[in-house]
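# Dropping the sequence and predicted coords here.
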Amino acid sequence: MREIIPFCKDIVFKTNIASITSISLEHEESVSNGEVSGNFIIFGDYKIHSDTTEKEMFKYRLPFTALIPDNIEESSVMVDIDNFTYEQIENDVLKVNIDFSLEGNEKEEERVEVLEEIDDNEIVSDVPDNIEEIYEAIDNFVEMRKKEEEKELLESNEENIDEVVEDIVSEQIENLEDVRVNNINVELEEEIEDDRNDTSNVIIQNNVTLDVNAENNNLEEKEIVTMEKVEHSEYVTYHIHLVGNDETIDSILKRYGSSMDILKEYNDLSNVKIGDKVIIPEYLDE
């Protein structure tokens, strides 16, 4: 069982916010008395003025509580982040939206077995005179039922054979379609790669330095960055890094201790520029 719960909070900073350069989310919680309680931990750095390179650190704890649904076992409840967005709504106010989920085993319904009482007076003790005829009728019925079951089994086997043949034909047709689509995709990828080689001011290798026009540094103050839920429950910290001057993919990976494979799972690295936001999940060691 899994239930998603929304959480929204406005964080008031002590200074002006020119731009958020990086932001991360962690959570800590405990389960007791039918509810989950804990804190969301928001931290990162930001610029007070847009015309400076100096950054200020910030860290806030946001308390939360949630009731555990009646159909989920309390001992099996786990908390996970489903979605995380933020938005600057005033010069010194940052609004965060967090969708988190409660997931656990479903409670088994209690089963009550009802036993029928048998009245001793209803038990027939007398043996009928035609007991042999009754036995013969029972034997005939069992034999007839056995033949009917054999007939049903043969008819079922014939239907299964037809289904197997249809599945084989369908699979061959799908394989032919996959081959055709793959050939088309290869041609498209070759064309896209040629276009990338001709495009300037874009990162296409790990060790290539960003080189873009200064006008790309102008960021909208209220731009919302949304991070979709990761498939691996091990990732509990999510970094959103703002690409700066003279940064490369390689230097970003080194800063967060991540790898290219993980970065490619959550970002399109074919067109990364200064001012872009890069999602970097961080593995939590158990």
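Arrived safely.
# Helix, strand or coil: sort out V36 for me.
For V36, the assignment made with DSSP: H, G, I helix; E, B strand; the rest coil gives strand.
# Give the burial count for it, as a bare number.
20 (other CB atoms under 10 Å). Bear in mind the C-beta positions are built from the backbone N, C-alpha and C, glycine included.
# Now do the contacts for it.
29-30, 65-66, 68, 77, 79, 102 (CB atoms under 8 Å, 6 or more residues apart in numbering).
# any idea how far it is from V164?
Separation of V36 from V164 (CB to CB, to the nearest Å) stands at 49 Å.
# same deal with E265?
Separation of E265 from V164 (CB to CB): 38 Å.
# Looking at these two, which one has more neighbours?
Between E265 and V164, E265 has the larger neighbour count (other CB under 10 Å), namely 13 against 10.
# re the thing from before, is it possible to mark the buried ones in the contacts of V36?
29, 66, 68, 77, 79, 102 (16 or more other CB atoms under 10 Å).
# Just give me the closest of the residues you listed to S251.
V79 (33.1 Å; CB to CB).
# Could you give the number of residues near the residue nearest to S24 when sequence neighbours are not counted?
Once flanking residues are discounted, S24 sits nearest to H239: 4.7 Å by CB to CB, 6 or more residues apart in numbering. H239: 20 surrounding residues under other CB under 10 Å.
# quick one, what contacts H239?
Counting by CB under 8 Å, 6+ apart, H239 has contacts 22-24, 44, 256, 279-282.
# circling back to that earlier point, switch the contacts of V36 over to TSV; also include distance to S251 and pLDDT.
Formatted as TSV, the contacts of V36 follow (distance: CB to CB, whole Å; pLDDT from 0 to 100):
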residue	distance to S251	pLDDT
E29	34	92
S30	38	92
T65	40	93
A66	39	92
I68	44	90
V77	40	89
V79	33	91
L102	38	89
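# Those in strands, which ones?
29-30, 65-66, 79, 102 (DSSP state E).
# ok, which pair from the residues you listed is furthest apart?
S30 and L102 (13.2 Å).
# I'd like the next helix or strand past the helix-or-strand element of the chain with minimal mean pLDDT.
The least trusted helix or strand in the chain, going by mean pLDDT, DSSP states H and E, turns out to be strand 225-228, with a mean of 41. Heading C-terminal from strand 225-228, the first helix or strand you meet, by DSSP states H and E, is strand 235-242.
# and that following strand, which strands flank it?
strand 19-32 (antiparallel), strand 277-283 (antiparallel) (DSSP bridges).
# Check which residues of the first one are buried.
Residues 19-27, 29, 31 are the ones in strand 19-32 that count as buried (16+ other CB under 10 Å).
# nearest to E155, of those residues?
V31 (54.2 Å).
# pLDDT at that closest one, what is it?
pLDDT for V31: 91.
# List the contacts of the residue lying closest to it once chain neighbours are set aside.
The shortest distance from V31 to any non-neighbouring residue, by CB to CB, 6+ apart, is to V77 (5.2 Å). Residues in contact with V77 (CB under 8 Å, 6+ apart) are 31, 36, 68, 102-104.
# so where's the stretch 51-200 of the chain shaky on pLDDT?
109-128, 159, 162, 165, 169, 172-173, 176-200 (pLDDT under 70).
# Which stretches in it count as helices?
Along the stretch 51-200 of the chain, counting by DSSP state H, counting those that start in this stretch, helices occupy 131-198.
# isn't E29 right up against V79?
Yes: using CB atoms under 8 Å, E29 is in contact with V79, at 5.1 Å.
# Would you reformat the contacts of V36 as JSON lines and include distance to N140?
Listed next are the contacts of V36 as JSON lines, based on distance: CB to CB, whole Å:
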{"residue": "E29", "distance to N140": "69"}
{"residue": "S30", "distance to N140": "69"}
{"residue": "T65", "distance to N140": "70"}
{"residue": "A66", "distance to N140": "66"}
{"residue": "I68", "distance to N140": "60"}
{"residue": "V77", "distance to N140": "60"}
{"residue": "V79", "distance to N140": "65"}
{"residue": "L102", "distance to N140": "60"}
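# Which of those sits closest to M260?
V79 (29.5 Å).
# Help me confirm that the closest one comes into contact with L102.
Yes: if you go by CB under 8 Å, V79 and L102 touch, sitting 6.4 Å apart.
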